[in-house]
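Colleague: Sequence first, then the predicted structure:
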Amino acid sequence: MLTKEQIRARAGELGIDLIGFAAKDRFEGQPPERDPKSIFAEFETMILIGRMVPRGSLRGAAEGTTFASYGNFGCKMLDDQFVATATYNLVRFIEDSGYEACPIFPNPFAINNMGVPVEPGKPAPNVTPDFDYAAVACGLGELGMNGMFLSPELGPRQRFQMILTDLPLESDPLYDGPTLCDRCGKCMEACPLHALDLGKTETREICGKVFVCGSYDNTLCRECLNGGTPNRLHPKGEPDRMAAACNRACIRALAERGIGKMNTGFVPLKDWQKDRKGRVL
Ligand code: SF4
Ligand code: SF4
């Protein structure tokens, strides 16, 4: 039977930066519209794979001079080509061993309930698993106060896709290293629109780990002129904050503590700010 070690080795050959495994029991209690079982009832293991958003893809946004590098290499092509190709090839590797492997793209929750249930008791399409929950359940890291998933290797700089398989494998241990988010508040301070409120919190419990996250005003984030963009897949989806001032500040704060730091020397991602009308502050 295929082992985790064999899958990890193949993932390394495919250029996958992060990989984690969670057995089905870690998803007990998920609502049907987010439950992996609603997609693949016989699944035994979830495998989450991540590839790096290059620090350099954020450089143009940090300088305020070009945003296309992130849009292509850190977002669209990374999701649609680089991570997707690695996911497809790992799916092929698992299926070549005789197990079914179901690839799942990180679509926004906004595409839930776009159809009708095909039989009583089934959720309406589209079921969309919770990738933040999955990343914690697969032992890859934790949620920050900014609500973004943080890994010890890359901070917030990764994009994930998912594989559900009927190959039974043991769960990886949950992350129990040093706390990644130290509640420094730099993400909130960096937003000129005050769209992130770390005082207005929501608590999330994932596999027994508790995370306290601040709240965003998504109406403001969808208009962000500081590097944020509306969700590219659905207008009501979560805005993309990877290149935004709030997340650049978080990357910088984490790097100062050695998280997601470059080996060749750290050039800080800069601060600049615009108001809602695009005036430089
Ligand atoms: S900037 Fe600080 S408070 Fe905000 S998510 Fe990052 S580490 Fe946490
Ligand atoms: S995405 Fe833009 S508007 Fe939203 S919190 Fe970040 S910097 Fe502020």
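Modeller: Alright, I've got the coordinates. Numbering: from 1, shown residues only. Ligands and ions are numbered 1, 2, ... in the order given.

Colleague: show me where the stretch 1-150 of the chain has strands.
Modeller: In the stretch 1-150 of the chain, the strands defined using DSSP state E, counting those that start in this stretch lie at 18-23, 45-52, 101-104, 142-143, 149-150.

Colleague: I'd like to know which elements the first one is packed against.
Modeller: Under the contact criterion of 3 or more Cβ pairs under 8 Å, 6 or more residues apart in numbering; DSSP states H and E, the helices and strands touching strand 18-23 comprise helix 4-13, strand 45-52, helix 131-137. For glycine as for every other residue, the C-beta is placed from the backbone atoms N, C-alpha and C.

Colleague: Same question for the second one.
Modeller: Under the contact definition 3+ Cβ pairs under 8 Å, 6+ apart, strand 45-52 sits against strand 18-23, helix 84-96, helix 131-137, strand 158-165.

Colleague: just to revisit the earlier point, may I see the strands of the stretch 1-150 of the chain arranged in TSV, with distance to ligand 1, mean pLDDT and mean neighbour count as well?
Modeller: Shown next, in TSV, are those (distance: least, Cβ to the nearest ligand atom, whole Å; pLDDT from 0 to 100; neighbours: other Cβ atoms under 10 Å):
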stretch	distance to ligand 1	mean pLDDT	mean neighbour count
strand 18-23	18	98	22
strand 45-52	18	98	25
strand 101-104	26	98	20
strand 142-143	9	98	22
strand 149-150	7	98	25
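
Colleague: can you list those strands in CSV and add distance to Ile7?
Modeller: Formatted as CSV, the strands of the stretch 1-150 of the chain follow (distance: least, Cβ to Cβ, whole Å):
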stretch, distance to Ile7
strand 18-23, 7
strand 45-52, 7
strand 101-104, 10
strand 142-143, 23
strand 149-150, 21
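
Colleague: Would you tell me which of the ones you listed gets closest to Asp172?
Modeller: Shortest distance between Asp172 and the strands of the stretch 1-150 of the chain, using Cβ to Cβ, is found for strand 18-23: 5.0 Å.

Colleague: Now do that closest one against strand 158-165, angle only.
Modeller: Orientation check (axes from the mean of the first three to the mean of the last three Cα atoms, to 10 degrees): strand 18-23 against strand 158-165 gives 40 degrees.

Colleague: Show me the strands paired with strand 18-23, marking each as parallel or antiparallel.
Modeller: Sheet pairing of strand 18-23 (DSSP bridges) gives strand 45-52 (antiparallel).

Colleague: what's the distance between the strand it pairs with and the middle of its chain?
Modeller: 10 Å (Cα atoms, centre = their mean, to the nearest Å).

Colleague: Please apply the same query to stretch 129-136.
Modeller: Centroid separation between stretch 129-136 and its chain, computed with Cα atoms, centre = their mean, is 8 Å.

Colleague: And for that stretch, what's in contact with it?
Modeller: Contact with stretch 129-136 is made by 20, 22, 27, 30, 34-36, 39, 46, 48, 50, 104, 106, 109, 141-143, 147, 149, 151, 160, 162, 174-175, 206-207, 209, 211, as judged by Cβ atoms under 8 Å, 6 or more residues apart in numbering.

Colleague: Could you rerun that using 6 Å?
Modeller: The contact list for stretch 129-136 (Cβ atoms under 6 Å, 6 or more residues apart in numbering) reads Arg34, Pro36, Leu48, Pro106, Phe149, Phe160, Ile206.
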